[in-house]
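>>> sequence unknown, structure follows:
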């Protein structure tokens, strides 16, 4: 496809519009009389249709065209927003999504849309002539509707300049240049046209604006306003002389009436018609985002990843440099290194920020899911989302979708009761699932809370014992929260109770391990009869983390700072034994201590000191002390994976390269606290 | 053109030494040959996995092939090499006694493995090659890289 | 009969262009395989038109273009570029190239460009 350069933009924008349609449809379901919502949906569908037709995706154009017709009927109040109508429109949106996914995966965007088209047509109460090709239909209708192209209105300043130029004997022309649709390197072509124009006079304005032209953000035609002394025909001839220019129209802009900027718009309708004529494919050029005040650019994610990788290299070298500087102890060097560290620290923050995305990306597919799942389960469930604007690193965003789906399904399946049960329990028929995200310190919390039946502790204990997940003795020492947490242990859930909905072949243990692999912590709280709360604590970012480097024997390990409460030194005499577990009294609490030598099988001779060096870590409420030989200090390190070969290494979450080039392993503290 | 013909009937291999035997690996699998360098031990994994090394910024697992094949271990020396294999997107190092040379061998000279070759169980082998007076054994990399699944997993319990 | 100097490091590309040109009754005055050759041959042959590849060893097309333009400001040069060389094409046009064509070449586009430049 010669337009492949646009494909990325096309897909991005299509996804945005689909999301908008989804959101607005759900909104419409709640407020079926709100015609502004219908208008919004109509607009998105219309833009999609135009984009689809331009790119030659006929099924997309065809389907959106039919959707548009249905929406139009709703808008004209000839069709009511009933559940049936919504179901069909949602069905159509599902197809649109599939088409876009297919296109994004390199497919041709073909889908069998006949059935859903028929449904849509049935809503229109008439059978359209047997499938006029969608694109044709789309084109016909869109050219007639495109009354107000986004461009055309001068601001006051521009208008003044125009009037003055005319007074001084200059011509003002509106020039529409249409490039051959096969043109490659369009920006260079535009550049050549501009060279001609700038030779002839002053380009006052272009549509789309120059930077978009440079980025080739236009289909085949663009428009400029030129102030010049050269005659129209000459200009036309000169532009035509540029290769791959299909057609040129030059119209004089009338400034006769000293009216306000409103009038030129009228005069320009002429220009606009010529804009539409030369090529029927002319479509609304890149939909303007209304409320976007900040200037943004689209950057390919791969580039951000490359930037991140390069920066990681830099961080490693920075570590090395810091080490060298401290050895050499040269003032000038130290100062320079210090400055560099500061600057790279700032740089790091910026780069990490660039990779942050709102969780909305993940959340916004849930309303649809909850809607269809409620129907499937015969339950009434409202999903309330808050904090969708909370930001997380892109790598984390990419991973949390599936486990969250699982948890929400779980809440709807096992949490929320059937309407009848709810009624007899004196609850409103309509159950609620709240999905919250919020920022706290170095973490983002995502919570899923339902007002359903809650978790039956005794059942959990019974099942955990039968499936040998825990022993009686262990249960005795567990808090309620810890018992609820058993839901996530592997081997807890058995095949027989996997339902269609929350089953899908994976248990909650997979959910847990996904979150934990992201450095997350999952906790559960529940009250029988009232509801359940799943809380997930996630780190803001993954790739560069703050750690405490420690020596265990001869080996160096890194403990993530986010897990550390503090470091401490305790006298060996202050260590007690309880239930075969060494514990200490730490700030009035009994805290188990874990010898990393044992965990990691490190050879070591008990040193002659009377003290243990401890790193006190926590996981949620639980606290433990890690015994190490010595603390080296706090460092920024780049988290690297151990790769696919070394999976499931106990209590190790990854590795990092130290300043001296050695590899140090990163301790997975979550695995150490049970 | 000439090269293409050669490729059809010949295969380039790296020949390396383990104990008294010579072994070979398809050159295309070998990313590089490195001198021995610092290796960080990984706790709780099979003994033949020596650990990971920093190979130009990439964390690379290293396997001791002698130990993998249950051969008697030998202290590393100046001749010791790490063959870095690229497999499924990962780099993995194999520690060998020495890397001898690169040979073009005719495919026709590859014979199925006899029952037992040296000390290495035949499941790791793809065949034997006899060129001139040298006999060496082609390694089956996939098998060498197979780990007893979930071995480490069970430790959690 | 207009004469053309073809500059491209790939013999295959020169062949293709030559074929297109000769079929349309142009004379190929010479073929150069790099920028330096192009500059030398231009001085010698003074062709009516040059098709100039951008990426070449020794001296690239843009350098060659600038050198030729220095001594022969009237020279008509069409750049031959690949997709993705937009910035270089723009450079070349600023430096005085008359037009550009994009690989893979289509005969009608090539002729269209040449006729426009010579016309």
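It's in. This one's a predicted model, so the numbers in the text were calculated from it and none came from an experiment. Numbers count the residues shown, from 1 in each chain, chains lettered A, B, ... in the order given.

>>> in the least confident helix or strand in chain C by mean pLDDT, what's buried?
One helix or strand of chain C scores below all others by mean pLDDT, DSSP states H and E: helix C:11-23, with a mean of 82. For helix C:11-23, a neighbour-count test (16 or more other CB atoms under 10 Å in any protein chain shown) marks C:13, C:14, C:16, C:17, C:18, C:20, C:21 as buried. In short, each C-beta sits where N, CA and C put it, glycine included.

>>> please apply the same query to stretch A:565-580.
Those would be A:567, A:568, A:570, A:575, for stretch A:565-580 by 16+ other CB under 10 Å.

>>> distance between that stretch and the chain's centre?
Taking the mean of its C-alpha atoms, stretch A:565-580 sits 45 Å from the chain's own mean (CA atoms, centre = their mean, to the nearest Å).

>>> measure that stretch end to end?
25 Å (CA to CA, to the nearest Å).

>>> now do stretch C:74-93
14 Å.

>>> pLDDT on it, on average?
Average pLDDT, stretch C:74-93: 85.

>>> touching chain A at all, it?
Yes: applying CB under 8 Å from any CB of the partner chain, one finds stretch C:74-93 in contact with chain A at C:81, C:83, C:85, C:86, C:89, C:90, C:93.

>>> thinking again about what came up before, direction included, what does whichever helix or strand comes after the least confident helix or strand of chain C pair up with?
Per DSSP states H and E, helix C:11-23 leads on to strand C:27-32 as the next helix or strand towards the C-terminus. Strand pairing for strand C:27-32, determined by DSSP bridges: strand C:3-7 (parallel).

>>> go through the strand it pairs with and flag the buried ones.
C:4, C:5, C:6, C:7.

>>> now the second one: closest residue in space, sequence neighbours ignored.
Think residue C:5. residue C:47 (4.2 Å; CB to CB, 6 or more residues apart in numbering or on different chains).

>>> run a quick neighbour tally on that neighbour.
22 (other CB atoms under 10 Å in any protein chain shown).

>>> wait, what's in contact with it?
C:3, C:4, C:5, C:29, C:30 (CB atoms under 8 Å, 6 or more residues apart in numbering or on different chains).

>>> one more: residue A:203?
Contacts of residue A:203 (CB under 8 Å, 6+ apart): A:194, A:197, A:224, A:225, A:226.

>>> let's see that with 10 Å instead.
Residues near residue A:203 by CB atoms under 10 Å, 6 or more residues apart in numbering or on different chains: A:175, A:193, A:194, A:197, A:210, A:224, A:225, A:226, A:227, A:228.

>>> same question, residue A:452
Contacts of residue A:452 by CB under 10 Å, 6+ apart are A:379, A:381, A:411-417, A:421-422, A:425, A:427, A:431-433, A:526, A:529-532.

>>> leaving out sequence neighbours, find the closest residue to the closest residue to chain B within the stretch 451-600 of chain A.
Residue of the stretch 451-600 of chain A nearest chain B, by CB to the nearest CB: residue A:600 (3.8 Å). Counting by CB to CB, 6+ apart, residue A:600 lies nearest to residue B:43, which is 3.8 Å off, once chain neighbours are set aside.

>>> so the residue nearest to residue C:5: helix, strand or coil?
coil (DSSP: H, G, I helix; E, B strand; the rest coil).

>>> next up, phi/psi of it, please.
When quoted as degrees, to the nearest 10, the phi and psi of residue C:47 stand at phi -70, psi 170.

>>> pLDDT at it, what is it?
The score at residue C:47 is 94. That number is its pLDDT.

>>> assign a three-state SS to the residue most central in space within chain C, would you?
The centroid of chain C falls nearest to residue C:51 when counting by CA atoms, centre = their mean (1.4 Å). The assignment at residue C:51 comes out as strand when based on three-state DSSP.

>>> report the two of the residues of stretch C:74-93 next to chain A separated the most.
Across the residues of stretch C:74-93 next to chain A, no pair lies farther apart than C:83 and C:93, at 16.6 Å, counting by CB to CB.

>>> these two: which is more packed in?
residue C:93 (19 against 12).

>>> what backbone torsions are found at the more buried one?
Dihedral angles (degrees, to the nearest 10) for residue C:93: phi -70, psi -40.

>>> any stretches of chain B with poor pLDDT?
B:1-8, B:113-124, B:148-157 (pLDDT under 70).

>>> show me where it has its helices.
Taking DSSP state H, the helices of chain B run over residues B:2-9, B:65-68, B:141-145.

>>> spatially nearest residue to the most centrally placed residue in chain B, not counting backbone neighbours?
The centroid of chain B falls nearest to residue B:94 when counting by CA atoms, centre = their mean (5.2 Å). Leaving aside its chain neighbours, residue B:94 sits nearest to residue B:83 (4.5 Å; criterion: CB to CB, 6+ apart).

>>> next one: that neighbour from chain C, what distance?
Distance, residue B:83 to chain C, using CB to the nearest CB, to the nearest Å: 36 Å.

>>> quick check: bridge partners of that residue?
residue B:33, residue B:94.

>>> related to what we said a few turns ago, list just the nearest of the contacts of residue C:47 to chain A.
residue C:4 (16.4 Å).

>>> give me the pLDDT for the closest one.
So residue C:4 comes in at 94 (pLDDT).

>>> kindly provide the distance from it to residue A:241.
Separation of residue C:4 from residue A:241 (CB to CB, to the nearest Å) stands at 20 Å.

>>> and if you look at residue A:319?
Taking CB to CB, one finds residue A:319 at 60 Å from residue A:241.

>>> which one of those two has more residues nearby?
Each of residue A:319 and residue A:241 has its neighbours counted (other CB under 10 Å); residue A:319 has more, 21 against 16.
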